[in-house]
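J.: Provide a 3D model corresponding to the input given below.
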Amino acid sequence: MTNEKFAFRNPEYPLKEEFYSSSENRDRYERILLDKGLKIINSISELKAKSLRPLGMTPPSYKTLGKGCHFFTWRNISNTCPIIFWWEANGWYPLFPVKNRGNH
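T.: Numbers count the residues shown, from 1 in each chain. The predicted structure is shown next:
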């Protein structure tokens, strides 16, 4: 397994929170993404994609929870984003449904 040291953000960083309104709100947001992503994965009866993680797809050899990318465009969303944004199955409806992945 690789990248184990990158699986979790050091709770002491960032030293000064500038992106979120507080470090508590950052932690809350990260926890929601992780908890809901785990709930979605646990609802999948047969997980075929070995690279699927709560925070987005990543190589199966990586010992992480996903890439956690937050980049969306009007045209599509990356599967490296947290799965709550794009996964659609078992009664879960994403904010950014994937319309054209794999279609040419």
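
J.: Show the low-confidence segments of the protein, by residue range.
T.: Filtered on pLDDT under 70, the chain yields the residue ranges 1-3, 100-104.

J.: cutoff 90 now
T.: Counting by pLDDT under 90, the chain contains low-confidence residues at 1-17, 19, 23, 26-27, 43-51, 58-79, 86-104.

J.: Tell me which stretches of the chain form strands.
T.: Listed in chain order, the strands found in the chain under DSSP state E amount to none.

J.: top helix in the protein by residue count?
T.: Among the segments of the chain that qualify as a helix by DSSP state H, the longest is helix 23-42.

J.: Show me what that helix is in contact with.
T.: Outside of helix 23-42, the residues within contact range by Cβ atoms under 8 Å, 6 or more residues apart in numbering are 9, 11, 17, 19-20, 47, 52-55, 65-66, 68, 82-84, 87, 89-90, 92. No exception for glycine: its C-beta is placed from N, CA and C like everyone else's.

J.: Report the buried members of these.
T.: Burial of the contacts of helix 23-42 was assessed by neighbour count (16 or more other Cβ atoms under 10 Å); the buried members are 52-55, 65-66, 68, 82-84, 87.

J.: Tabulate those (a markdown table), appending distance to residue 37.
T.: What follows is the buried ones among the contacts of helix 23-42, written out as a markdown table (distance: Cβ to Cβ, whole Å):
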| residue | distance to residue 37 |
| --- | --- |
| 52 | 9 |
| 53 | 7 |
| 54 | 3 |
| 55 | 6 |
| 65 | 8 |
| 66 | 7 |
| 68 | 10 |
| 82 | 6 |
| 83 | 5 |
| 84 | 6 |
| 87 | 8 |
